[in-house]
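J.: Take this sequence and fold it.
(2 chains)
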Amino acid sequence: MKYAAPYNAAPYTTEKTFALTIPATNLTVAPANSNIISEIQITAQTAAPPTANQYDSSLFEVDGKFNVYFSVTSLPTITGGTQNNQFFVLGADLHIQSTNLGTLNRNAPFYS
Amino acid sequence: MGQIILPNVTSVDTPQTGSTRVYAKTDGLMYSKDGAGVESQMSVSSAAALAVGGLNMSSATGNGIKIGATPAYGWADMLGNVLAKTTGATAPAFVARNGGNCFSYFCSAGNILYFTYHVPHDYALGTDIFWHPHWGHNGSAISGNLVIGISAAYAKPSSDSLGTFTAEITPTLTYATVNIATTPANTNLINDFQLSAAAPSGTQFNSNILEPDGIITLAANFSTIPTITGSTPASSVYVLTCDIHYQSTNINTINRSYPFYV
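T.: Predicted coordinates:
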């Protein structure tokens, strides 16, 4: 994952690399044909502080950009389906906290 | 002139129990003082009003910002970008829409487009949703019906009820084009139909199962294309996006994951 602040303020960061491991113990934990959501924290407050695999939350601002690449390195054992040992991906989103207010301006400066 | 002129004062005495004084102070703002001696500011300056921030509302369901003479939650869109196969009988063409550099998917009869919608955290629980294509054509004449066969399934987020997808519902959207005057070329045509209801038909979702982080997967089969002459490509309609109108509370959930509201 890489992040860049908007308007040429800074180049893309070096890549952060992390692994998300999702236990799929059995069909009760990971039922078929469902909307399974597994979350990982990718930023943390300066005071926390962030780990080497997390961004500092203070980096982010409006119109910043993330590039994300993910590679499936290990699959659970899946049997009895039409696509054995494969899984489907519907989307990959970022949960954010919102001010619920748009910015005054569409481009920087956003607030005045 | 209808006005009340109050002299500005520094302070007032506490009124007797069971009554309240209203007065203006030397800062030019309005105040009240109750029988217990508690003073409350009743007005703010224009500058202070502009600087108001940090509005704090209840996180419970049923709260939000409403609009209009009959207050109701405002409408917003869950956007649905077009996904399509690139080969095979159901794959649409991807060509210039109007001879320029802007390409769009063109569906002929039997072509299928695919969509995934993420129910946002500001979705007003229990409200109805409406699916709608943004589409058009580039012909010189048009008549007959556009018929879109929908297959759609919904799943709650996995943290609630393990999020198993429902069986597919299969509504049909039929739009009568009539003629080139009612369905003009190179425009942004929108026809919406109700995809959920509190008392759903057999081809609708129950609105009460929808919640934040839910997912709707949808396939749209353009089964019948109206008669179009002079279009390129022939007998095809273009599809720009297919979105879902929903009512927004304009506030989000207090929790990131289920349970969202407490």
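
J.: Using the three-state scheme, assign the spatially most central residue of chain A.
T.: Central residue of chain A (CA atoms, centre = their mean): residue A:94, 5.0 Å from the mean position. Secondary structure assignment for residue A:94 (DSSP: H, G, I helix; E, B strand; the rest coil): coil.

J.: so it makes contact with residue A:68?
T.: No - the pair residue A:94 / residue A:68 is not scored as a contact, 9.1 Å apart, by CB atoms under 8 Å. Just so you know, the C-beta spots here come from the backbone N, C-alpha and C atoms, and that holds for glycine as well.

J.: Now do residue B:75 against residue A:33, distance only.
T.: 31 Å (CB to CB, to the nearest Å).

J.: Let me see the contact set for residue B:112.
T.: Contacts for residue B:112 were tallied using CB atoms under 8 Å, 6 or more residues apart in numbering or on different chains; they are B:84-85, B:90, B:219-222.

J.: Restricted to buried residues, select those residues in ChimeraX.
T.: Entered in ChimeraX, the line below selects the buried ones among the contacts of residue B:112, by 16 or more other CB atoms under 10 Å in any protein chain shown:
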select /B:84,90,219,220,221,222
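
J.: Closest one of the contacts of residue B:112 to chain A?
T.: residue B:219 (13.5 Å; CB to the nearest CB).

J.: Which strand or helix spans that closest one?
T.: For residue B:219, the element it lies in under DSSP states H and E is strand B:215-224.

J.: Pull out the buried positions in the helix or strand that that strand is followed by.
T.: Beyond strand B:215-224 on the C-terminal side, the first helix or strand identified by DSSP H and E is strand B:227-229. Residues residue B:228 are the ones in strand B:227-229 that count as buried (16+ other CB under 10 Å).

J.: For the helix or strand just after strand B:227-229, which helices and strands make contact with it?
T.: Once the chain leaves strand B:227-229, the next helix or strand it forms, by DSSP H and E, is strand B:237-248. If you count contacts as 3 or more CB pairs under 8 Å, 6 or more residues apart in numbering or on different chains; DSSP states H and E, strand B:237-248 packs onto strand B:72-78, strand B:103-107, strand B:111-118, strand B:130-136, strand B:215-224.

J.: Let's have the ones you listed in CSV, adding mean pLDDT and distance to residue B:256.
T.: Listed next are the helices and strands packed on strand B:237-248 as CSV, based on pLDDT from 0 to 100; distance: least, CB to CB, whole Å:
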stretch, mean pLDDT, distance to residue B:256
strand B:72-78, 93, 19
strand B:103-107, 97, 35
strand B:111-118, 98, 14
strand B:130-136, 96, 27
strand B:215-224, 98, 16
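
J.: contact partners of stretch B:65-78?
T.: By CB under 8 Å, 6+ apart, stretch B:65-78 touches B:64, B:117-120, B:122, B:124, B:127, B:129, B:216, B:243-251.

J.: for chain A, which spans come out with low pLDDT?
T.: Along chain A, the model assigns pLDDT under 70 to residues A:106-108, A:110-111.

J.: Spell out the residue ranges of the helices in the chain.
T.: No chain in the question, so chain A it is. For chain A, no helices are identified by DSSP state H.

J.: wait, chain B
T.: Counting by DSSP H, the helices of chain B are B:46-50.

J.: ok, how many other residues are close to the one residue in chain A that gets nearest to chain B?
T.: In chain A, no residue comes nearer to chain B than residue A:35, which is 3.4 Å away by CB to the nearest CB. Counted with other CB atoms under 10 Å in any protein chain shown, residues neighbouring residue A:35 total 25.

J.: Same question for the one 10 residues further on.
T.: Residue A:45 has 10 neighbours, counted by other CB under 10 Å.
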